[in-house]
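> need coordinates for the below:
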Amino acid sequence: MVLAGYEHKVDEVVQDLLNCLDSPELPFLQWQECFAVLATRLPKDLRMMLESKYREFESISRNSLTADFPAKLLKGILEAHLLSCDEKDRGALERLIEPLMSLAKSYEGGRESHARVIVHSLFEEYLSVEELFNDNMLADVIERMRQQYKKDLLKIVDIVLSHQGIKNKNKLVLRFMEQLVYPNPAAYRDKLIRFSTLNHTNYSELALKASQLLEQTKLSELRSNIARSLSELEMFTEDGENMDTPKRKSAINERMEDLVSASLAVEDALVGLFDHSDHTLQRRVVETYIRRLYQPYVVKESIRMQWHRSGLIASWEFLEEHMERKNSGLDDQETPEKGLVEKRSERKWGAMVIIKSLQFLPSIISAALTETNHNEHVSAGAPLSGNMMHIAIVGINNQM
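The predicted model follows:
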């Protein structure tokens, strides 16, 4: 009713919907309601088959809170019966069972899949109205609708009433984006594009949120492209790395160099692959990230990596440039402005540790410092200032 323009408490509406969509009982209740309406019109053998399988899973669901609705099984029964019936009866039966088939398909990917169908339909309901008013005068929109709906003037009233509730509608859609779209924005890409193109001030907050979510989908795509580029479709594995031909190694190096110098902001996408299960790919990603971050000051071929029981340790050298006043041999009366200045480069070390929990931090930092102290280019008395330590915490429970 909020999308129709009526006043409701948006937070309560959203919470009620989320509770319903997340309930394991919802698909069973929906199937019962739909089946009760159609049961007497279904062919007897189909009705008995559906009842038998449904009751079997219904009893399981009562004894287990984690039992899933048998969407694929019920859909398979419906499709098999369609194929087995006569050609002349197939069209009528297909129309008859359409509500059952639609419900089964919406739950084929689980409750999340069904929630996605619902959210898509709600977004479409919002956009079908508000796209009419975007960058258009209200009077012009109403005049066009009067021409379009000459025989259904009540339709115009419904659309205008819906538009007048824009404030609550925006709040509702924003809550859906935060609760249901944010975990998987790629599934809503088409709708997000339409939201982002709404350029009236009424929709500014909504368009901004949609644009931010679209950036996430682009980052995900970029991350996938980088993974494919550096792994060459998983042709390179840990065991086969030493067997690479010079040509293949050269191709990988060229792709890494392309990422190092890419105009796109690839840093976040690279970080997203720090915990990749393919260790060869993981090392290439980390090396590419370091080279990109420290270019052009990283010392060539200085990047080293080693596995520690707590995670991955990377170390490298880079040059720190600074200006130094050169002793010209002049007397103390010489003004500083007249002294000679020269650019000097000092070698520094950098280290990165990649761990899955902070409990490993003390031991892996100690190991990283030991590794850098073994560096032959760093003198024993060299000051620690200017050296760099990066810490990355990865894993599904750590948002980077």
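> residue contacts, Ile77?
Neighbouring residues of Ile77 by Cβ atoms under 8 Å, 6 or more residues apart in numbering: Leu46, Met49, Leu50, Lys53. Placement of C-beta: from N, CA and C, glycine included.
> isn't the last one up against Pro70?
Yes. The pair formed by Lys53 and Pro70 meets the contact definition of Cβ atoms under 8 Å, at 6.6 Å.
> looking at these two, which is more packed in?
Comparing Lys53 with Pro70 by other Cβ atoms under 10 Å, the one with more neighbours is Pro70, at 22 against 15.
> gap between the residue lying closest to that one once chain neighbours are set aside and Tyr107?
Distance criterion Cβ to Cβ, 6 or more residues apart in numbering; nearest residue to Pro70, sequence neighbours excluded, is Phe57 at 4.6 Å. Note on Phe57: its distance to Tyr107, by Cβ to Cβ, to the nearest Å, is 12 Å.
> same check on Leu293?
To Tyr107, Leu293 is 46 Å away according to Cβ to Cβ.
> higher neighbour count, those two?
Using other Cβ under 10 Å as the criterion, Leu293 and Tyr107 rank with Tyr107 on top: 23 against 17.
> wait, isn't Met177 in contact with Lys209?
Yes. Using Cβ under 8 Å, Met177 is in contact with Lys209, at 5.5 Å.
> surely His390 is within a strand?
Yes. Judged by DSSP: H, G, I helix; E, B strand; the rest coil, His390 forms part of a strand.
> residues contacting it?
Gly350, Ala351, Met352, Val353.
> ditto for Glu346
Counted by Cβ under 8 Å, 6+ apart, Glu346 has contacts Leu319, Glu320, Glu321, His322, Gly386.
> among these, which are in strands?
Assignment to strands by DSSP state E places the following of these there: Leu319, Glu320, Glu321, His322.
> excluding residues flanking it in the chain, which one is nearest Tyr294?
Nearest residue to Tyr294 in three dimensions, chain neighbours excluded: Phe318, at 4.9 Å (Cβ to Cβ, 6+ apart).
> for that neighbour, name its beta-bridge partners.
Taking DSSP bridges, one finds Val298, Lys348 as the beta-bridge partners of Phe318.
> and it, what pLDDT?
pLDDT, Phe318: 92.
> ok, it - contacts?
Tyr294, Tyr297, Val298, Val299, Ser302, Arg347, Lys348, Trp349, Gly350, Met388.
> who's in contact with Thr37?
Actually, residue 37 is Val. It isn't Thr. Each residue near Val37 by Cβ under 8 Å, 6+ apart is listed here: Pro99.
> can you start the count at 636 instead of 1 from here on
Got it, first residue is 636 now, which makes that one Val672.
> you'd agree it is in a helix?
Yes. Assessed by three-state DSSP, Val672 belongs to a helix.
> Ala1002 versus that one, what's the distance?
Distance, Val672 to Ala1002, using Cβ to Cβ: 67 Å.
> got it, and Arg730?
68 Å.
> could you do Tyr742 as well?
Per Cβ to Cβ, Tyr742 is found 49 Å from Ala1002.
> buried residues in the helix or strand hosting Gly711, which are they?
In this assignment (DSSP states H and E), Gly711 forms part of helix 706-719. Of all the residues in helix 706-719, those buried under the rule 16 or more other Cβ atoms under 10 Å are Ala706, Leu709, Lys710, Ile712, Leu713, His716, Leu717.
> would you format the residues you listed as a markdown table with distance to Val808 included?
Output for those, formatted as a markdown table (distance: Cβ to Cβ, whole Å):
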| residue | distance to Val808 |
| --- | --- |
| Ala706 | 27 |
| Leu709 | 32 |
| Lys710 | 31 |
| Ile712 | 37 |
| Leu713 | 34 |
| His716 | 40 |
| Leu717 | 37 |
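> so, low pLDDT: which residues of the protein?
Applying pLDDT under 70 to the chain flags residues 696-702, 866-880, 960-976, 1009-1019, 1031-1035.
> can you give me the strands in it?
939-943, 946-961, 975-990, 1023-1028.
> among these, which is nearest Arg918?
Of all the strands of the chain, it is strand 939-943 that lies closest to Arg918, at 5.4 Å by Cβ to Cβ.
> neighbouring contacts of the closest one?
By Cβ under 8 Å, 6+ apart, strand 939-943 touches 914, 918, 921-922, 947-951, 988, 998-999, 1002, 1006.
> could you list the domains of the protein?
As recorded under automatic domain parsing, the domains making up the chain are 645-741, 746-857, 876-961+974-1028.
> those: which one's closest to Leu865?
Leu865 lies closest to domain 876-961+974-1028 among the domains of the chain, at 4.6 Å (Cβ to Cβ).
> make sure Arg824 is actually in contact with Thr852.
Yes. Counting by Cβ under 8 Å, Thr852 is a contact partner of Arg824 at 5.6 Å.
> so between the two, which is more surrounded?
Higher neighbour count among Arg824 and Thr852: Thr852, with 17 against 14, using other Cβ under 10 Å.
> all helices of the stretch 836-985 of the chain, in order?
Secondary structure of the stretch 836-985 of the chain (DSSP state H, counting those that start in this stretch): helices at 839-866, 881-895, 902-906, 914-929.
> which elements pack onto the first one?
By that I understand helix 839-866. Counting contacts by 3 or more Cβ pairs under 8 Å, 6 or more residues apart in numbering; DSSP states H and E, helix 839-866 is packed against helix 801-811, helix 824-831, helix 881-895, helix 902-906, helix 914-929.
> pick the most buried one from these.
Highest mean neighbour count among the helices and strands packed on helix 839-866 (mean count of other Cβ atoms under 10 Å): helix 914-929, with a mean of 21.
> give the other helices and strands that that one contacts.
Using 3+ Cβ pairs under 8 Å, 6+ apart: helix 914-929 touches helix 839-866, helix 881-895, helix 902-906, strand 939-943, strand 946-961, strand 975-990.
> let's see it at 6 Å
helix 839-866, helix 881-895, strand 946-961 (3 or more Cβ pairs under 6 Å, 6 or more residues apart in numbering; DSSP states H and E).
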